[in-house]
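>>> Here is my input, please return the structure:
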Amino acid sequence: MGLENWTAVTEIILVGIPTTQELGVFLFLVFLSAYVVTVLGNLIIIMLIRLDYRLHSPMYFFLSHFSFSEILTTTCVVPRMLVNFLSERKSVSFHECFTQLYFYFLFGSTEFIFFAIMSYDRYVAICHPLRYPAILTRPLCARLVTLAWFGSFLLILPSTLLKARLPYCGPNIIDHFFCDSAPFLHLACTDVTYIELLDFIVSLVLLIGSLAMTIVSYFYVIFTILKIPSDEGRRKAFSTCASHFTVVSMGYGISIFVYVRPNQKRSLHLNKILFVLSSVVTPLLNPFIFSLRNETMKIVLSEALGRVQTFTKDLRLIPVMNSNPFKSRVTPVVHVTPIEKYHQQLT
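Next comes the predicted model:
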């Protein structure tokens, strides 16, 4: 078939999970609840870090940016999923699909760079505690955060530009919840082998590169912790790394299995399950992991909840105002003339 007979794709159907109306409503409520908890949980972490002086350290500064990237990554995909659960025609425009693909991988790439940065932070804190403030200064922390956000942009830019120049003729159906790279590429009317290879190389550099830095950092961290003579000291040192290590394990385990493969078109149904784990379940669990497995965060959160509870009790003790809020509560001043005052004295 000649190129002149091809029709450009303007609308894309996202299959997701074929559901009945009742099942669609149920899944809508489940994923909506998960999305709301994810956003609120990460927002609470960001607010606590901004407001409490005990969390004004490089570790929590990086965590606040990581939580923000989690919110953005989840927001890229979950709202569209929610709409599709209640829609009969699960379609998006081509440009909306391409935009979703770009920002999902942009923010997702940022998270993995933050994994490496946060592991370096733990390495300095455990292995060089006395030099920690001198090494991780505010200017260096700002540069590392800029590297995470701008570096991910540069990393996925070449592949994005190549995808934007491809002719897309369909079919216009993507068997996924969102516009993932592999199924999206197979809407093109040309050979995409080299772009798939480029995506594989970018994923390899990002995931394996950041993972290697994380593993090396934690190797030195664990080696240093094991040399601490007291059990209490080792326990406290491990507790400062436990939350980050748990999140890193989940994030890398799923993403490497999904994206570091030359041909991702196979096992698309398995990719759906893993996508739900990486984009919905993991961001949902992360706020709980960071708040429940980090001692300082746990203390700050409990104190904040205590203040909220006290404030709520104080509101209940406020007396109910009059039904007319504009009615003056000030006793009116009665002006008495000299003659009236004289008559009052006589009586």
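>>> Sort out which residues of stretch 221-241 are buried, please.
For stretch 221-241, a neighbour-count test (16 or more other CB atoms under 10 Å) marks 221, 225, 237, 238, 240, 241 as buried. No exception for glycine: its C-beta is placed from N, CA and C like everyone else's.
>>> Would you confirm that the third one contacts residue 225?
Yes: checked against CB atoms under 8 Å, the pair residue 237 and residue 225 is within contact range at 4.5 Å.
>>> overlap in contacts of the two?
residue 126 (CB atoms under 8 Å, 6 or more residues apart in numbering).
>>> Are we agreed that residue 12 is in a strand?
Yes: Residue 12 sits within a strand when classified using DSSP: H, G, I helix; E, B strand; the rest coil.
>>> State the distance from the residue nearest to it when sequence neighbours are not counted to residue 90.
Of all residues beyond its chain neighbours, the one nearest residue 12 is residue 97 (4.7 Å), with distances taken as CB to CB, 6 or more residues apart in numbering. Counting by CB to CB, to the nearest Å, the gap from residue 97 to residue 90 is 12 Å.
>>> got any residues that touch both of the two?
Common neighbours of residue 97 and residue 90 (CB under 8 Å, 6+ apart) are residue 14.
>>> So residue 17: helix, strand or coil?
Residue 17 is classified as coil under three-state DSSP.
>>> from what I can see it touches residue 28, true?
No: counting by CB under 8 Å, residue 17 does not reach residue 28; the two are 11.4 Å apart.
>>> ok, and for stretch 119-132, which residues are buried?
119, 120, 121, 122, 123, 124, 125, 126, 132.
>>> for the record, mean pLDDT for that stretch?
Average pLDDT, stretch 119-132: 90.
>>> Give me the contact list for it.
58-59, 62, 135-136, 213-214, 217-218, 220-221, 224-225, 237, 240-241, 244, 248.
>>> Inside helices: which ones of these?
Among the contacts of stretch 119-132, DSSP state H puts 58-59, 62, 135, 213-214, 217-218, 220-221, 224-225, 237, 240-241, 244, 248 in helices.
>>> mind listing the helices for the stretch 151-300 of the chain?
181-185, 193-203, 209-226, 231-259, 268-276, 282-292, 295-317 (DSSP state H, counting those that start in this stretch).
>>> Quick one: those as TSV, columns for mean pLDDT and distance to residue 81 too.
Below are the helices of the stretch 151-300 of the chain laid out as TSV (pLDDT from 0 to 100; distance: least, CB to CB, whole Å):
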stretch	mean pLDDT	distance to residue 81
helix 181-185	83	15
helix 193-203	87	23
helix 209-226	88	27
helix 231-259	75	17
helix 268-276	72	9
helix 282-292	79	13
helix 295-317	77	29
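>>> Now do the strands in the stretch 1-150 of the chain.
With DSSP state E, counting those that start in this stretch applied, the stretch 1-150 of the chain shows strands at 11-14, 91-93, listed in chain order.
>>> which other helices and strands contact the shortest one?
Applying 3 or more CB pairs under 8 Å, 6 or more residues apart in numbering; DSSP states H and E, one finds that strand 91-93 contacts strand 11-14.
>>> what do you get for the longest one?
The elements that strand 11-14 packs onto, with contact taken as 3+ CB pairs under 8 Å, 6+ apart, are strand 91-93, helix 94-127, strand 173-174.
>>> winner for burial among the ones you listed?
Using mean count of other CB atoms under 10 Å, the stretch among the helices and strands packed on strand 11-14 with the greatest mean number of neighbours is helix 94-127 (a mean of 21).
>>> what's the offset of that one from the middle of its chain?
Its chain's average C-alpha position is 10 Å from that of helix 94-127, according to CA atoms, centre = their mean, to the nearest Å.
>>> now swap in stretch 53-67 and tell me
Using CA atoms, centre = their mean, the offset of stretch 53-67 from its chain centre is 14 Å.
>>> Residues in contact with that stretch: which ones?
42-43, 45-46, 48-50, 111, 114, 117-118, 121-122, 125, 136, 141, 144-145, 148, 240, 286-287, 290, 296-297, 299-300.
>>> just stretch 17-31 next, same as before
Taking CB under 8 Å, 6+ apart as the rule, stretch 17-31 contacts 78, 81, 82, 85, 86, 177, 272, 280.
>>> cool, and stretch 274-292?
Under CB under 8 Å, 6+ apart, the answer for stretch 274-292 is 31, 34-35, 37-38, 41-42, 44-45, 63, 67, 70, 73-74, 77-78, 176-178, 180, 243, 246-247, 250-251, 254-255, 257-258, 297-298, 301.
>>> buried subset of those residues?
Buried residues within the contacts of stretch 274-292, defined by neighbour count using 16+ other CB under 10 Å: 31, 34-35, 38, 41-42, 44-45, 63, 67, 70, 73-74, 77-78, 176-178, 180, 243, 247, 250-251, 254-255, 258, 297, 301.
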